[in-house]
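Participant: Could you work out the structure for the sequence below:
(chains A, B, C and D)
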There are 2 protein chains.
Amino acid sequence: MRVSAKADYAVRAAAELAAAGEGPVKGGVLAEAQDIPLQFLEHILLELKHNGIVRARRGAKGGYWLAKPADEVSVADIVRAVEGPIAHVQSTPPEDIEYRGNSEPLQKVWIAVRANLRAVLEEVTLADLVSGDLPTSVEALAASPDAWAPRS
Amino acid sequence: MRVSAKADYAVRAAAELAAAGEGPVKGGVLAEAQDIPLQFLEHILLELKHNGIVRARRGAKGGYWLAKPADEVSVADIVRAVEGPIAHVQSTPPEDIEYRGNSEPLQKVWIAVRANLRAVLEEVTLADLVSGDLPTSVEALAASPDAWAPRS
DNA sequence: CGCGCTCCCGACCAAAGTGGTCGAGAAAGT
DNA sequence: ACTTTCTCGACCACTTTGGTCGGGAGCGCG
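Facilitator: Predicted structure coming up:
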């Protein structure tokens, strides 16, 4: 239930691309803007490219840019591109697990977990991130003081 | 963003204990009931014991039982006991990360993610699991057909 | 007391994942 | 040609994951 550095880096780099708009942005610029090790970032951007999130061109005026408009790319798209499926249990999707005996209703719990993860990650787009104007449902979640409390 | 086998096993074993009620239940019985490798399960139960979730006694009439009433133990308690803090980013809690530039609002997103995870995991207790009667908010999430769809 | 049963717990293990770095290419521009 | 920049596989140290093994320590019973 943790978010890897890779996923965090990927979203941050993509946000930077969304903010840049049209022109290709060089890897080095992204790396410096978000304080990410360049060579690691290049691997991440390559994965994003393979997953159709970004495009790239080499050479002097090369760089990376978003393959789609920023409001059509969700945080979930990016997380899935670098981390694989969200909320898998034992590396299998929750809808495929079969429980025996007293833990039978547990499947519904994992399904609910995934649904609630999606409710945030699918809803927030790169456009939302760079504008600082998050969907109201997400803003509401983040507004509660409880949400900022450790453990609780 | 995945659930480890250990966490899944831990919750299932705890559910079995909750269903058993009073008397100590032997590790072997739990292992068979939920189809979990016994020796691995023992390590998990030990962790649960260290975290005050279960108690144990050795010897002929020994076994494991819940340290608290089943309706006072949440799934989150168990997941935290075996997997550590929920929804950490780069191994630091989301409220402590500092973002620069265009990814500044990303912190709120991770906070919202954690809040939504808690909304399920803290809410469901072992008593809910064994009764099959989940909290209505969780039941509602699991009721949507979308929640059962892969990727989406 | 002795004995068996069961938990306790550290050691070990193979495979995979994390978070990188290095170095050689291959395209694009000038 | 030559530089710039992406491409991409190899490698690396460390941790995590998902276990197994074997001994020891406590508990109850005859």
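Participant: from here on, contacts and neighbour counts on C-alpha atoms
Facilitator: Will do.
Participant: Please list all residues in contact with A:Gly63.
Facilitator: Listed by C-alpha atoms under 8 Å, 6 or more residues apart in numbering or on different chains, the contact partners of A:Gly63 are A:Pro24, A:Val25, A:Lys26, A:Gly27, A:Ala56, A:Arg57.
Participant: Quick check: which element contains the fifth one?
Facilitator: Taking DSSP states H and E as the definition, A:Ala56 sits inside strand A:54-57.
Participant: Okay, now the sheet partners of that strand, with direction.
Facilitator: In the sheet containing strand A:54-57, its partner strands are strand A:63-66 (antiparallel), by DSSP bridges.
Participant: Give me the phi and psi for the most far-flung residue of chain A relative to its centre.
Facilitator: With distances taken from the mean C-alpha point of chain A and given as C-alpha atoms, centre = their mean, the most distant residue is A:Gly101, at 35.9 Å. Main-chain torsions, A:Gly101, degrees, to the nearest 10: phi 60, psi -140.
Participant: what does A:Asn51 give?
Facilitator: Here the main-chain torsion angles of A:Asn51 (degrees, to the nearest 10) amount to phi -100, psi 10.
Participant: From what I see, it and A:Ala81 are in contact.
Facilitator: Yes. Look at A:Asn51 against A:Ala81 with C-alpha atoms under 8 Å: they come within range, at 6.0 Å.
Participant: So for the two, which residue has more residues nearby?
Facilitator: A count of neighbours by other C-alpha atoms under 10 Å in any protein chain shown puts A:Ala81 above the other of A:Asn51 and A:Ala81, at 20 against 16.
Participant: what does the host helix or strand of the more buried one contact?
Facilitator: Here A:Ala81, judged by DSSP H and E, is contained in helix A:75-83. If you take C-alpha under 8 Å, 6+ apart as the criterion, helix A:75-83 is touched by A:4, A:6-7, A:10-11, A:44, A:47-48, A:51, A:53, A:86, A:118, A:121-126, B:1.
Participant: same deal with stretch A:36-53?
Facilitator: Around stretch A:36-53, the neighbours that count as contacts under C-alpha under 8 Å, 6+ apart are A:6, A:9-10, A:27-28, A:30-31, A:54-56, A:66-68, A:73, A:77-78, A:81-82.
Participant: can we see that at 10 Å?
Facilitator: When contacts are defined by C-alpha atoms under 10 Å, 6 or more residues apart in numbering or on different chains, stretch A:36-53 is touched by residues A:5-7, A:9-10, A:12-14, A:27-32, A:35, A:54-56, A:64-68, A:73, A:77-82.
Participant: Return the members of those residues classed as buried.
Facilitator: For the contacts of stretch A:36-53, a burial check counting by 16 or more other C-alpha atoms under 10 Å in any protein chain shown picks out A:6-7, A:9-10, A:12-14, A:27-28, A:30-31, A:35, A:54-56, A:64-67, A:73, A:77-82.
Participant: Looks to me like A:Asp8 is in a helix.
Facilitator: Yes. Residue assignment for A:Asp8, taken from DSSP: H, G, I helix; E, B strand; the rest coil, places it within a helix.
Participant: Low-confidence stretches in chain A?
Facilitator: Counting by pLDDT under 70, chain A contains low-confidence residues at A:152.
Participant: ranges for the helices of chain A?
Facilitator: Under the criterion DSSP state H, chain A carries helices at the ranges A:5-20, A:27-34, A:38-50, A:75-83, A:106-121, A:126-131, A:136-143, A:145-148.
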